[in-house]
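In: Structure for the following, please:
(one chain, ligands or ions: 2)
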Amino acid sequence: MSQFPIHSKLPNVGTTIFTVMSALATEHHAVNLGQGFPDFPMSEELVALVNESMKQGYNQYSPMPGWLPLREAIAEKIAVLYNAMIDPDSEITITPGGTYAIYTALTTVLQPGDEVIIFEPAYDSYIPNVEINGAIPVLIDLKFPEYKIDWEEVKRKITPRTRMIMLNTPHNPTGAVLREDDIQELRSIVNGTQILILSDEVYEHLIFDKIPHESMLRYPDLRERSFVCFSFGKVYHCTGWKLGYCVAPAGFTKEFRKVHQFNCFACHTPSQVALASFLKNKDSYLLLGGELQQKRDYFQELMSHTRFTPLPSYGSYFQCYQYDRISNESDKDFSIRITKDYGIATIPVSAFYRSGKDDKVVRFCFAKKESTLAQAAERLSRI
Ligand code: PMP
Ligand code: GLN
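Out: Ligands and ions are numbered 1, 2, ... in the order given. Below you'll find the predicted structure:
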């Protein structure tokens with residue numbers, strides 16, 4: 001017992017599953033299809049642009065809301081993709097990653113006792129981010145195995161204290177995506193209420209089979225009540241850069257920046273300068289979905305020679321698989337065992353449920369070189 005005990009603000013939280021599984025993968029020299037990050041190199045041109053901006057002297061603080069030319073390039077991209085006119089000055093803030101953007105948006109609006117609807121399986125930062133603000137997560141399971149939102153249940157769970165609905169499309173860990181009918185349900189549910197939306201769209205470009213990305217930014221009535229969060233790490237294969245942004249109406253952004261300015265203040269300048277020019281090349285993000293779709297298909301073909309059963313992936317860089325033809329162990333035990341015995345690391349999907357709900361599903365990250373995927377599948381075929 002320490003002489004200086006700390007009353008934990010997050011008593012229910014341990015080390016994230018991503019850290020746990022990556023450490024286990026390293027320890028056992030496993031192929032790591034667990035934590036979501038690409039193992040192939042990012043664009044050399046973008047690396048050169050960052051070098052160049054450092055050499056040119058862009059090494060001091062950028063403005064608190066972010067490098068203006070970068071915000072302008074983002075606004076231009078949003079206009080082209082989602083037909084929305086966003087003011088770069090008052091509606092976009094550059095952040096150190098998508099996770100930070102989400103945390104800051106929640107901290108900006110949540111008061112103790114507010115209720116926040118969260119769909120599970122949920123990206124692991126959401127519930128702790130809500131609870132650290134004294135708010136209450138109201139959990140709703142996505143319907144297994146399609147992982148669709150049950151809008152009737154959403155209606156039942158809304159109360160006068162519902163402050164926010166959190167959405168994530170394309171979805172981590174399942175690869176599910178919101179469709180137009182979901183948007184219509186959402187619109188009719190929030191219409192006439194004060195309910196806000198936090199939309200995590202970090203995988204906006206990683207969407208397959210020609211499905212359109214249903215961004216909140218497309219719909220003026222949803223946009224006016226939304227914080228929409230993005231990550232350059234996902235778009236440009238540089239998760240280690242920890243750079244992203246939040247798009248929100250001017251009134252929301254003003255409050256968001258009050259929190260941001262006393263936390264991070266401003267983000268890494270040379271990479272913002274580089275991204276401002278790189279983003280002008282539309283192919284740099286428009287080709288991404290096709291590239292990752294190829295990887296999904298390649299991995300799926302390889303996996304068809306194993307005893308794992310695929311669940312569909314329409315977006316993100318993840319695909320979930322059932323292993324009920326192999327074992328009835330818990331997904332955590334199964335994941336640990338195959339890391340140790342077969343040298344292949346995954347993420348057990350129960351880690352994305354507060355209750356630990358276990359449908360015996362594991363998540364694989366296919367944002368990997370073909371040789372990595374082939375080596376992984378060869379090991380998986382032995383199980
Ligand atoms: N949301 C989801 C669903 C994610 O998978 C990630 C990736 N870790 C993030 C947010 C955060 O991205 P970043 O690494 O930019 O913080
Ligand atoms: N987003 C990544 C994943 O889901 C990892 C994020 C992290 O390690 N915190 O695997």
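
In: which non-adjacent residue is nearest residue 330?
Out: Sequence neighbours aside, residue 358 is the residue nearest to residue 330 in space, at 5.5 Å (criterion: C-beta to C-beta, 6 or more residues apart in numbering). (Each C-beta comes from the backbone N, C-alpha and C, glycine too.)

In: Counting neighbours, what do you get for the one you found?
Out: Residue 358 has 17 neighbours, counted by other C-beta atoms under 10 Å.

In: Do you know the pLDDT at it?
Out: Note on residue 358: pLDDT of 97.

In: and the protein, which residues reach ligand 2?
Out: Contacts of the chain with ligand 2, taken as C-beta under 6 Å from any ligand atom, map to 16, 18, 35, 36, 172.

In: Go again with 5 Å.
Out: Applying C-beta under 5 Å from any ligand atom, we find that the chain lies next to ligand 2 at 18, 35, 36.

In: between those residues, which is nearest residue 352?
Out: Nearest to residue 352 among the residues of the chain next to ligand 2 is residue 18, at 11.0 Å by C-beta to C-beta.

In: Pull the number of nearby residues for residue 42.
Out: The number of residues near residue 42, taken as other C-beta under 10 Å, comes to 15.

In: Just the buried subset of the residues of the chain next to ligand 2, please.
Out: Among the residues of the chain next to ligand 2, the ones that count as buried by 16 or more other C-beta atoms under 10 Å are 35, 36.

In: got the contact list for the closest residue to ligand 1 within the stretch 251-383 of the chain?
Out: Residue nearest to ligand 1 within the stretch 251-383 of the chain: residue 316 (7.2 Å; C-beta to the nearest ligand atom). Applying C-beta atoms under 8 Å, 6 or more residues apart in numbering to residue 316 gives the contacts 36, 170, 171, 172, 173, 174, 175, 203, 206.

In: Mind checking what secondary structure the residue nearest to the fifth one when sequence neighbours are not counted has?
Out: Right, the one you point to is residue 173. Excluding the flanking residues, the one nearest residue 173 by C-beta to C-beta, 6+ apart is residue 363, at 4.3 Å. Three-state call for residue 363 (DSSP: H, G, I helix; E, B strand; the rest coil): strand.

In: circling back: retrieve the pLDDT associated with the residue of the stretch 251-383 of the chain closest to ligand 1.
Out: At residue 316, the pLDDT value in this model is 97.

In: swap in residue 2?
Out: On pLDDT, residue 2 comes in at 82.

In: What of residue 313?
Out: Looking at residue 313, its pLDDT is 98.

In: Go ahead and confirm it touches residue 175.
Out: Yes. Judged on C-beta atoms under 8 Å, residue 313 makes contact with residue 175 at a distance of 3.1 Å.

In: which residues do those two both contact?
Out: By C-beta under 8 Å, 6+ apart, the residues touching both residue 313 and residue 175 are 319, 320.

In: who has more neighbours, the two?
Out: residue 313 (29 against 25).

In: Go ahead and report the secondary structure state at that one.
Out: coil.

In: which residues does it contact?
Out: Contacts of residue 313 by C-beta under 8 Å, 6+ apart are 174, 175, 208, 296, 319, 320.

In: Give me the subset of the residues you listed lying in strands.
Out: 319, 320 (DSSP state E).

In: which of the contacts of residue 313 sit farthest apart?
Out: The span of the contacts of residue 313, defined through C-beta to C-beta, is set by 208 and 320 at 14.6 Å.

In: Compute the first-to-last residue distance for stretch 104-118.
Out: Terminal residues of stretch 104-118 lie 17 Å apart, using C-alpha to C-alpha, to the nearest Å.

In: Over to stretch 264-280?
Out: With C-alpha to C-alpha as the measure, stretch 264-280 spans 27 Å from end to end.

In: now what about that stretch, what contacts it?
Out: Contact with stretch 264-280 is made by 43, 45-46, 49-50, 52-54, 58-64, 66-67, 69-70, 72-74, 76-77, 94-96, 100, 232, 236, 241, 243, 284-285, as judged by C-beta under 8 Å, 6+ apart.

In: If we use 6 Å, what do you get?
Out: Contacts with stretch 264-280, where a contact means C-beta atoms under 6 Å, 6 or more residues apart in numbering, come from 46, 49-50, 53-54, 58, 61-62, 64, 67, 69-70, 73, 94, 96, 241, 243, 284.

In: List only buried entries from those.
Out: Among the contacts of stretch 264-280, those scoring as buried are 46, 49-50, 53, 58, 62, 67, 69-70, 73, 94, 96, 241, 243, 284 (criterion: 16+ other C-beta under 10 Å).

In: can you give me the strands in this structure?
Out: Counting by DSSP E, the segments of the chain that form strands are 31-32, 92-95, 115-120, 136-141, 162-168, 196-200, 226-231, 244-247, 309-310, 318-322, 344-345, 347-348, 361-365.

In: Might you report the residue contacts of residue 368?
Out: Under the criterion of C-beta under 6 Å, 6+ apart, the neighbours of residue 368 are residue 39.

In: And for residue 199?
Out: By C-beta under 6 Å, 6+ apart, the contact list for residue 199 reads 167, 216, 226, 228.

In: so how far is ligand 1 from the closest residue in space to residue 194 that isn't next to it in sequence?
Out: Distances taken as C-beta to C-beta, 6+ apart put residue 163 closest to residue 194, at 7.7 Å, once the chain neighbours are dropped. Noted for residue 163: a distance of 20 Å to ligand 1, by C-beta to the nearest ligand atom, to the nearest Å.

In: do residue 115 as well
Out: For residue 115, the distance to ligand 1 equals 21 Å [C-beta to the nearest ligand atom].

In: can you count the residues close to that residue?
Out: 21.

In: got it, and residue 161?
Out: Other residues close to residue 161 by other C-beta under 10 Å number 13.

In: From what I see, it and residue 112 are in contact.
Out: No. Under the criterion of C-beta atoms under 6 Å, residue 161 is not in contact with residue 112, lying 10.7 Å apart.

In: returning to what we had before: so which of the residues of the chain next to ligand 2 would you say is closest to ligand 1?
Out: Of all the residues of the chain next to ligand 2, ligand 1 sits closest to residue 36, with 5.8 Å by C-beta to the nearest ligand atom.

In: Thanks a lot, see you next time.
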